[in-house]
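Engineer: give me a 3D structure for the following:
(chains A and B)
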Amino acid sequence: QKEVEQNSGPLSVPEGAIASLNCTYSDRGSQSFFWYRQYSGKSPELIMSIYSNGDKEDGRFTAQLNKASQYVSLLIRDSQPSDSATYLCAPRGETGANNLFFGTGTRLTVIP
Amino acid sequence: DAGVTQSPTHLIKTRGQHVTLRCSPISGHKSVSWYQQVLGQGPQFIFQYYEKEERGRGNFPDRFSARQFPNYSSELNVNALLLGDSALYLCASSWTGEDGYTFGSGTRLTVV
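Structural biologist: I've put the predicted structure just below:
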């Protein structure tokens, strides 16, 4: 059973602060990792992908991956109220099982 | 370009009935996946298809079935509906199934 663990939150940060979202996963064969943002009542939206150990930056978002620790994180710098949403961590299964496995998500609230 | 389109957007069915949900992927995408999302949970994998062949199946009963057509569109069928099947059903497409998925807006199914 592939498992993805995320703090359900809610995580509250003030506007302009850094929001840190964490995720651990059980499938050591996972090679690709994705972060999705889901606004209430909407479908998930892909915001970051990461495939190699280390950091990957895209605008205000930085994804960090440590395969040895089976840990992936998402940092949001200069958080804005529009960032308030649920963030879903999704490792992709090992080759041959390409589906994404989702955690329950972390609900982030950015306070103006 | 049109995104992933799903129909219908909302559906109310009675226990024991059958339902068919439809999905059209982004043009050029050959992989379609189906997910079920109940309130407060992350999406749960149901099926993945690539080039009209089933690539993966999640832990769902045989009442759930799917298929992919030559134009890469897909249908998800659920027989003998139960109250517990009430959820948001999400379709996602990708180029190969090994990259990030783009989700449609979903079909909200309510079983009464």
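Engineer: point to the helix or strand of chain B where mean pLDDT is at its lowest.
Structural biologist: Ranked by mean pLDDT, DSSP states H and E, the weakest helix or strand in chain B is strand B:53-57, scoring a mean of 91.
Engineer: so what strands line up beside the helix or strand following that one?
Structural biologist: Following strand B:53-57 in sequence order, the next helix or strand is strand B:64-68 (DSSP states H and E). Using DSSP bridges, the strands paired with strand B:64-68 are strand B:74-78 (antiparallel).
Engineer: check the offset of the strand it pairs with from the chain's centre.
Structural biologist: Strand B:74-78 sits 6 Å away from the centroid of its parent chain (CA atoms, centre = their mean, to the nearest Å).
Engineer: partner strands of the helix or strand that that strand is followed by, with direction?
Structural biologist: Next along the chain after strand B:74-78, taking DSSP H and E as the criterion, comes strand B:87-94. Strand pairing for strand B:87-94, using DSSP bridges, gives strand B:31-37 (antiparallel), strand B:102-103 (antiparallel), strand B:107-111 (antiparallel).
Engineer: deepest-packed of those, please.
Structural biologist: strand B:31-37 (a mean of 26; mean count of other CB atoms under 10 Å in any protein chain shown). (Glycine included, C-beta is placed from N, CA and C.)
Engineer: was I right about A:Pro112 contacting A:Pro81?
Structural biologist: Yes. Counting by CB atoms under 8 Å, A:Pro81 is a contact partner of A:Pro112 at 5.2 Å.
Engineer: could you find the closest non-adjacent residue to residue 18?
Structural biologist: Defaulting to chain A. Leaving aside its sequence neighbours, A:Ile18 sits nearest to A:Arg77 (CB to CB, 6 or more residues apart in numbering or on different chains; 5.4 Å).
Engineer: my bad, chain B
Structural biologist: In space, B:His18 is closest to B:Asn79, 5.1 Å off (CB to CB, 6+ apart).
Engineer: residues in contact with that neighbour?
Structural biologist: Counting by CB atoms under 8 Å, 6 or more residues apart in numbering or on different chains, B:Asn79 touches B:His18, B:Arg63, B:Ser65.
Engineer: between the strands paired with strand B:87-94, which gets nearest to B:Ala87?
Structural biologist: When those are compared by CB to CB, strand B:31-37 sits nearest B:Ala87, at 4.9 Å.
Engineer: and the closest one, average pLDDT?
Structural biologist: On average, the pLDDT along strand B:31-37 is 95.
Engineer: between it and strand B:53-57, how big is the angle?
Structural biologist: Interaxial angle of strand B:31-37 relative to strand B:53-57 (axes from the mean of the first three to the mean of the last three CA atoms, to 10 degrees): 30 degrees.
Engineer: ok, residues contacting strand B:31-37?
Structural biologist: Residues outside strand B:31-37 that contact it (CB under 8 Å, 6+ apart): A:98-100, A:102, B:21, B:23, B:25, B:43-50, B:55, B:60, B:66, B:68, B:72-74, B:76, B:87-97, B:101, B:103, B:106.
Engineer: if anything else comes up later, I'll come back, but that's it for now.
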